[in-house]
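J.: I'd like to go over a predicted model; first the sequence, then the structure.
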There are 2 protein chains.
Amino acid sequence: MFSKTCEYAILATIFIAQKSGQGVKVGIKEISKGINAPEHFIAKILQDLSRKGLVQSVKGPNGGFYLEEEEKRTTLADIVQAIDGDSLFTGCALGLKHCSEREPCPLHDEFKVIRQQIHSMLQSSTVTAFNRELIQGMKHLRR
Amino acid sequence: MFSKTCEYAILATIFIAQKSGQGVKVGIKEISKGINAPEHFIAKILQDLSRKGLVQSVKGPNGGFYLEEEEKRTTLADIVQAIDGDSLFTGCALGLKHCSEREPCPLHDEFKVIRQQIHSMLQSSTVTAFNRELIQGMKHLRR
DNA sequence: ATAATAAAAGATAAAAACGTCTTTTATTTC
DNA sequence: GAAATAAAAGACGTTTTTATCTTTTATTAT
């Protein structure tokens, strides 16, 4: 569904969002422990998200990652778009380049509906949307 | 969504199904041209599908691939299961190993519905289901 | 200023996915 | 039974993805 990189990106950003909701920055070590993912790998991913303006970072003591108010309204769809591109939202289920309304693959019509549902699921979830449930232990991020 | 191998497997099997509907066997060259996929690669995939009893093959002159009556009722879900396993049908959207009703990830509830829809879409499509539309040019397999 | 901290950047490596080429085996036709 | 055909099997190569390690740069606190 998503690449591993994208899964990590979503988990890490939700983790940062949770901390940012509490007004604190968080370092890579804590993030990687919090979501149980390889430290250097998610460092790379966060560099990327940072460049793309989805998270903020500051170097040095008391540095770390956090979200601006605006970034707290980032949706999971935005993250997927940034990391995996929009193939999940627009691509053919069978990987046909020319698949379209005019030249549909066998799954085209059925898949169109599902694709749309996936998109709206991801678009209706901001990265902060899960803060309460995560803090209360009703939802989890650890792999 | 699916691995490339799985996409090829689905396309190739639907192609064979179409020919088998016309009572003829079909060789790898014709299949690979028909779905515009690398010849040796789909040969491997078909070997695998053959071992798993999803397609039949015979060697030598006038040999090729075809489907038994029973195999014409193979569903796309069967193929996905055989090639990619059932992670698409049962796995967590965010790749969490322990994600479950008891310990759900943030997307668990919403994704459960979508996963189920994907499964039933694939289960309700047999490999022969598209024969008519393919022959009439209303659906396509070429990449 | 200096030392400590933490992210950024770069290099490298391991694993998996994807793809190609060659040889072998089975079958058919002549 | 020899030649031709076509899949099976095996070896090999490339690319992408995933992961790790090291060095550099920016920031803070002393």
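T.: Everything's here; your move.
J.: can we go C-alpha only for contacts and neighbour counts from here?
T.: Noted.
J.: what number of residues lie near residue A:63?
T.: 14 (other Cα atoms under 10 Å in any protein chain shown).
J.: which regions of chain A sit below the pLDDT cut-off?
T.: Counting by pLDDT under 70, chain A shows no low-confidence range.
J.: Tell me where the longest helix sits in it.
T.: As assigned by DSSP state H, the longest helix anywhere in chain A is helix A:4-21.
J.: got the contact list for that one?
T.: A:25-26, A:31-32, A:34-35, A:37, A:42, A:45-46, A:49, A:55, A:65-67, A:72, A:76, A:79-80, A:83-84, A:127-128, A:130-131, A:134-135, A:141, B:94-95 (Cα atoms under 8 Å, 6 or more residues apart in numbering or on different chains).
J.: which strands and helices sit next to the helix or strand following it?
T.: Per DSSP states H and E, the first helix or strand lying C-terminal to helix A:4-21 is helix A:28-35. Using 3 or more Cα pairs under 8 Å, 6 or more residues apart in numbering or on different chains; DSSP states H and E, the elements in contact with helix A:28-35 are helix A:4-21, helix A:39-51.
J.: Check those helices for me and report the most buried one.
T.: Comparing those by mean neighbour count (mean count of other Cα atoms under 10 Å in any protein chain shown), helix A:4-21 ranks first with a mean of 23.
J.: That one near DNA strand C at all?
T.: No. Helix A:4-21 is not in contact with DNA strand C by Cα under 7 Å from any atom of the strand; minimum separation 10.6 Å.
J.: Serialize the helices and strands packed on helix A:28-35 to JSON lines and add fields for distance to DNA strand D.
T.: Converted to JSON lines, those look like this (distance: least, Cα to the nearest atom of the strand, whole Å):
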{"stretch": "helix A:4-21", "distance to DNA strand D": "4"}
{"stretch": "helix A:39-51", "distance to DNA strand D": "4"}
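J.: tally of neighbours for residue A:128?
T.: Applying other Cα under 10 Å, we find 23 residues neighbouring residue A:128.
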